[in-house]
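1. Return a 3D structure for these sequence lines:
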Amino acid sequence: MTAQVPAELKIRELEVRGAQGPLAARLYLAGNSSAKRDALIVFFHGGGFVAGDLEEADEFLRHLVTCNPDHVILATNYTLATVSPFPAAVEDAHAVLAWAKKNKAKLAWSGKQLLTAGIEAGANLAAVSALMARDRGGPALAGQILIMPMLDPGLSTCSMRELPNCPDQMKVANTCAAAYRGYLPNAADRAHPYASPLQSSRLKNLPPALILSAEDDPLRDEAEQYGAKLIACGVKTTVRRMPPAPLQEPGARNECACRGFALKEMASFISAIDGTEMPAV
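-> Okay, the predicted model is just below:
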């Protein structure tokens with residue numbers, strides 16, 4: 001059942017340009033829909049690279065934009081691995097950022113601050129699109145927001161390998177393994193920095209980052225290790241570990257009990273991007 005849209009929330013279906021063609025997208029606006037916002041967040045959904053669509057994070061994004069009416073959010077699809085594996089999705093992610101920059105008038109956006117964000121596999125795309133924007137000379141990004149990101153195709157971190165006797169966590173780990181098999185059928189691609197940003201040796205000159213891990217999440221360590229690597233490379237980075245949020249299903253990450261925590265941290269991060277120094281943890 002679709003959640004009721006508050007009177008002050010405007011949602012518009014549109015089409016953006018991916019690397020290989022048009023992609024479905026959804027624009028979220030709150031407050032005065034005619035006023036241009038200074039910050040645009042391009043958000044990539046989860047689904048382990050092999051599933052998911054605009055509905056994945058719809059409720060979460062409704063809450064986010066309602067709590068932060070000075071920002072506009074563009075949620076976008078990308079090519080799933082079931083259609084075309086790596087690097088199709090990351091090429092789409094970069095192409096959408098470039099499209100947004102060129103089409104700001106369609107997005108009620110002033111063009112000042114562009115952020116990339118995502119959850120789980122979408123957070124991988126957000127992190128990688130920041131690398132690609134740096135490597136390809138744009139578009140310039142003001143920040144990156146990574147929520148419970150998938151960053152290590154090797155599944156080698158302690159939180160992934162040393163799972164407690166917990167069926168829910170084991171289910172998430174197994175889902176991640178299956179997702180990477182679909183996304184990276186060529187084993188050699190698993191070492192590519194655009195597939196495995198955690199293994200990248202070139203992390204300097206990236207935009208400020210907010211990384212949210214979760215206490216009981218198998219992806220916790222790779223998120224926090226990536227944050228530590230960014231900090232070591234001089235990137236302004238805030239790492240926050242969210243409280244436990246039991247996941248009954250691997251696909252329920254957007255409805256986690258820590259949603260309020262995530263919303264607060266994201267709002268604080270975006271507000272700080274205008275030049276205020278951010279804490280690095």
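
2. With only the CA atoms kept, save stretch 43-60 in CSV.
-> Coordinates of the C-alpha atoms in stretch 43-60 are reproduced here as CSV (Å, rounded to 0.1, in the frame of the first residue of the first chain):
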residue,chain,number,x,y,z
PHE,A,43,20.0,8.6,-4.5
PHE,A,44,20.6,5.1,-5.7
HIS,A,45,18.4,2.3,-4.4
GLY,A,46,19.6,-1.0,-2.9
GLY,A,47,18.8,-4.5,-4.1
GLY,A,48,22.2,-6.1,-4.3
PHE,A,49,22.8,-4.9,-7.9
VAL,A,50,20.4,-7.6,-9.2
ALA,A,51,17.1,-6.3,-8.0
GLY,A,52,15.3,-3.2,-6.7
ASP,A,53,13.6,-0.1,-8.1
LEU,A,54,12.3,3.3,-7.2
GLU,A,55,10.0,1.8,-4.6
GLU,A,56,12.9,0.4,-2.5
ALA,A,57,13.6,3.6,-0.6
ASP,A,58,10.5,5.5,-1.4
GLU,A,59,9.2,5.8,2.2
PHE,A,60,12.7,6.7,3.5
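
3. and the gap between residue 111 and residue 94?
-> To residue 94, residue 111 is 18 Å away according to C-beta to C-beta, to the nearest Å. For glycine as for every other residue, the C-beta is placed from the backbone atoms N, C-alpha and C.

4. For residue 73, which non-adjacent residue is spatially closest?
-> Nearest non-adjacent residue to residue 73, counting by C-beta to C-beta, 6 or more residues apart in numbering: residue 28, 4.1 Å away.

5. Show me what the helix or strand the one you found falls within is packed up against.
-> Assigned by DSSP states H and E, residue 28 falls within strand 22-30. Secondary-structure packing of strand 22-30 (3 or more C-beta pairs under 8 Å, 6 or more residues apart in numbering; DSSP states H and E): strand 9-17, helix 58-67, strand 71-76, helix 88-102.

6. worst average pLDDT in those?
-> Out of the helices and strands packed on strand 22-30, helix 58-67 stands lowest, with a mean of 90 (criterion: mean pLDDT).

7. Now the host helix or strand of residue 226 - C-alpha only, CSV.
-> Here residue 226, judged by DSSP H and E, is contained in helix 220-232. Below are the C-alpha coordinates for helix 220-232, written out as CSV (Å, rounded to 0.1, in the frame of the first residue of the first chain):
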residue,chain,number,x,y,z
ARG,A,220,29.5,-2.9,9.3
ASP,A,221,33.3,-3.4,9.1
GLU,A,222,33.7,-2.6,5.4
ALA,A,223,31.8,0.6,5.9
GLU,A,224,33.9,1.7,8.8
GLN,A,225,37.2,0.6,7.2
TYR,A,226,36.3,2.7,4.2
GLY,A,227,35.7,5.7,6.4
ALA,A,228,39.1,5.2,8.1
LYS,A,229,40.8,5.0,4.7
LEU,A,230,39.1,8.2,3.5
ILE,A,231,40.2,10.0,6.7
ALA,A,232,43.8,8.8,6.2
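
8. Show me which residues of that helix are buried.
-> 220, 221, 222, 223, 224, 225, 226, 227, 229, 230, 231 (16 or more other C-beta atoms under 10 Å).

9. what does that helix rub up against?
-> 127, 146, 148-152, 157-160, 197-198, 203, 206, 209, 211-214, 237-239, 241, 280-281 (C-beta atoms under 8 Å, 6 or more residues apart in numbering).

10. helix or strand right after it?
-> Next element after helix 220-232 (DSSP H and E): strand 237-242.
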